[in-house]
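Engineer: build me a model:
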Amino acid sequence: MTLPAFDSNVSSDLRTPHPVTRLSRLLSLMLLALAFACQSAEDRDPNHVRLVWFGSEEEERAIREAVAEFEREYPGRRVTVQMVEWTRYTEKVMTMLMGLRPPDVARMSVQWCGRYQMVGALADLTPHLASVELDDFVPSRLASCRAGDQIFGLPHTSIGLMLYCNLDLFEEAGIEIPASPDEAWTWEEFSEVAQTLQRETGVRFGWGMYRGWFALLPFLYQGGGHLLDGDDPDFANPENIAALEWIIDQHRRGIAPQTSWSFGGDPAETLFIRGDCAMVITGNWRLVPYSQQITEFNWGVTYLPRGVRRAASTGGENIVVFDTPKVETATLLVAFLTSRDAMSDFCAETLFLPTRQSLLEGEVPYRMHREALERFIEQGRDFEPEWTREQSTPEFAAIDSVIVQQVELAILGHQTARESLVRINVEYRGAGFE
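Structural biologist: Reported below is the predicted structural model:
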């Protein structure tokens, strides 16, 4: 799930198209042509599109309400919403494509867009976007929908990370949490706060992070690191090695829970719920569950620690259009769903972060946790457009699980930080997208 940088002077054309052979494009077009020849009359109706979606019950309800509003706004246009479980979503969409019946429109995580664009499966919406206010989208988020001078979708929602805190433990230890990004703790201060909480309150762990690449990346960027050197993987740069070594040291010293990175160990998020971990780095998707699960203490959110610079980790979903004969209606639907009013309604209900600058600078009428979500939005300003490009390549999508596995091996002491990051470089080069 990508909260953006907010610099409107930065060009949004930050993605470079991945090389695609003429043969692969030709085969894609031939297969799609064969599929359309076999479709029913309803399938060929240019005014009837199929929208493939994933998400919670709240997200399903919100998208169905938005689709119903679209159909009222545009009589004669029809949308079939097909829900797919997240755990099998990418596999299902790829199966649809290979089975010669791709969706017309689909919700797509930023990291996966490049893979479908690379094989020529997505349409160029540029000729149909004359009436869309592209300048209102956050540049780094719109960049994730670009390939060269083509636009294959529009950004819809974003997610971000914050530091969740057990406020009762902080009060007991006499520590105040940062009230603004400028007051965010340095890594050294953050570690000292965590140890003070352990010492003064007896809490088992000072801080933890959820087991995923999404929680790792801000530390790499905060340390001054990067992922790519041009188009080549450069995970094992000195800054990234130093950042990962700091994380490893925190876990091995028991300040953070080392076993939370192993299968069978309690996740840091669970330890936080139980009151065994004073702070946890996780996303806005935890706001609602924590409200329901945590009843024994007060909690709140504050800003991520900083290294040589502040840096956030963001993700999100785009709505993309597949290259079918229904591009005109599909684009109309995408433009409607990402319009200011529709986006505000969807985010207010589902607690996502919007991708339009006018909403980020204004106010989304969130149904709950408004103050916390405003902090998430503010934290997201510490995200650079270049990082979108690094995280949205087809190769990155192919190795996201490899990153987690290699970090786990390092934290558990089976290899060094450098060895893990070098291995990630190797896996990136071998992802096979040529």
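
Engineer: so how many other residues sit close to the closest residue to Thr416 other than its chain neighbours?
Structural biologist: Distance criterion CB to CB, 6 or more residues apart in numbering; nearest residue to Thr416, sequence neighbours excluded, is Ala410 at 6.6 Å. The C-beta positions use only the backbone N, C-alpha and C, and glycine is treated the same way. Other residues lying near Ala410 total 23 when counted by other CB atoms under 10 Å.

Engineer: confirm for me that Ala410 is in contact with Ser420.
Structural biologist: Yes. Using CB atoms under 8 Å, Ala410 is in contact with Ser420, at 4.2 Å.

Engineer: shared neighbours of the two, which are they?
Structural biologist: Leu244 (CB atoms under 8 Å, 6 or more residues apart in numbering).

Engineer: can you pull the contacts of Gln126?
Structural biologist: In this structure residue 126 is Thr, not Gln. Asp149, Gln150, Ile151.

Engineer: for Gly362, see how far away Asp341 is.
Structural biologist: Separation of Asp341 from Gly362 (CB to CB, to the nearest Å) stands at 12 Å.

Engineer: buried subset of the contacts of Thr126 as a PyMOL selection?
Structural biologist: Burial among the contacts of Thr126 is assessed by 16 or more other CB atoms under 10 Å; the matching PyMOL selection reads:
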select buried, resi 150+151
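
Engineer: so where does the residue positioned nearest the centre of the chain fall, helix or strand?
Structural biologist: Centre of the chain computed as the mean C-alpha position; nearest residue by CA atoms, centre = their mean is Gly315, 1.8 Å away. If you go by DSSP states H and E, Gly315 is part of strand 314-321.

Engineer: check Pro155 too.
Structural biologist: Following DSSP H and E, one finds Pro155 within strand 153-166.

Engineer: Phe272 now?
Structural biologist: Secondary structure from DSSP H and E places Phe272 in helix 268-274.

Engineer: what's that helix in contact with?
Structural biologist: 164, 166, 204-205, 208-211, 256-257, 260, 277-282, 286, 290, 293-294.

Engineer: now the buried members of the residues you listed.
Structural biologist: Burial by neighbour count, 16+ other CB under 10 Å: within the contacts of helix 268-274 this picks out 164, 166, 205, 208-211, 256-257, 260, 277-282, 286, 290, 294.

Engineer: which parts of the stretch 51-200 of the chain are helices?
Structural biologist: Using DSSP state H, counting those that start in this stretch, the helices of the stretch 51-200 of the chain run over 57-73, 89-98, 110-118, 139-143, 167-173, 187-201.

Engineer: quick check: phi and psi on the residue lying closest to Thr80 once chain neighbours are set aside?
Structural biologist: In space, Thr80 comes closest to Arg50 once its chain neighbours are excluded; the distance is 4.9 Å by CB to CB, 6+ apart. Main-chain dihedrals, Arg50, degrees, to the nearest 10: phi -110, psi 120.

Engineer: burial measure for Arg50, as a count.
Structural biologist: Count around Arg50 with other CB under 10 Å applied: 21.

Engineer: that one reaches Met96, doesn't it?
Structural biologist: No. Using CB under 8 Å, Arg50 is not in contact with Met96; the gap is 9.3 Å.

Engineer: which residues do the two both contact?
Structural biologist: Pro103.

Engineer: where's the residue lying closest to Phe297 once chain neighbours are set aside relative to Trp299, distance?
Structural biologist: Nearest non-adjacent residue to Phe297, counting by CB to CB, 6+ apart: Asp168, 4.3 Å away. Computed as CB to CB, the Asp168 to Trp299 distance reads 8 Å.

Engineer: more crowded one of those two?
Structural biologist: Higher neighbour count among Asp168 and Trp299: Trp299, with 20 against 15, using other CB under 10 Å.

Engineer: can you list the domains in the chain?
Structural biologist: 22-158+314-383, 160-313+389-429 (automatic domain parsing).

Engineer: got the confidence number for Val119?
Structural biologist: We have a pLDDT of 86 for Val119.

Engineer: could you give the number of residues near it?
Structural biologist: 19.

Engineer: for it, give its distance to Thr388.
Structural biologist: Val119 is 21 Å from Thr388, by CB to CB.

Engineer: where does this structure dip in pLDDT?
Structural biologist: Applying pLDDT under 70 to the chain picks out residues 1-42, 432-434.

Engineer: show me the strands in it, by range?
Structural biologist: Ranges of strands within the chain are 48-53, 78-83, 105-109, 146-147, 150-151, 153-166, 208-209, 228-229, 232-233, 279-283, 299-302, 314-321, 353-354, based on DSSP state E.

Engineer: residue contacts, Phe152?
Structural biologist: With CB under 8 Å, 6+ apart, Phe152 has these contacts: Cys113, Gln117, Leu122, Ala123, Asp124, Leu125, Cys145, Arg146, Val320, Val321.

Engineer: my guess is His156 contacts Ala106, does it?
Structural biologist: No. His156 is beyond contact range of Ala106, at 11.1 Å (criterion: CB under 8 Å).

Engineer: what residues are up against Gly208?
Structural biologist: Contacts of Gly208 by CB under 8 Å, 6+ apart are Ala256, Pro257, Ser260, Ala268, Glu269, Leu271, Phe272, Cys277, Met279, Val280, Ile281.

Engineer: same thing but 7 Å
Structural biologist: The contact partners of Gly208, taken as CB atoms under 7 Å, 6 or more residues apart in numbering, are Ala256, Pro257, Ser260, Ala268, Leu271, Phe272, Cys277, Val280.

Engineer: for Trp213, same thing?
Structural biologist: Counting by CB under 7 Å, 6+ apart, Trp213 has contacts Asp400, Ile403, Val404.

Engineer: cool, Met279 as well?
Structural biologist: Met279 sits next to Leu163, Tyr164, Cys165, Ala194, Gly206, Trp207 when contact means CB under 7 Å, 6+ apart.
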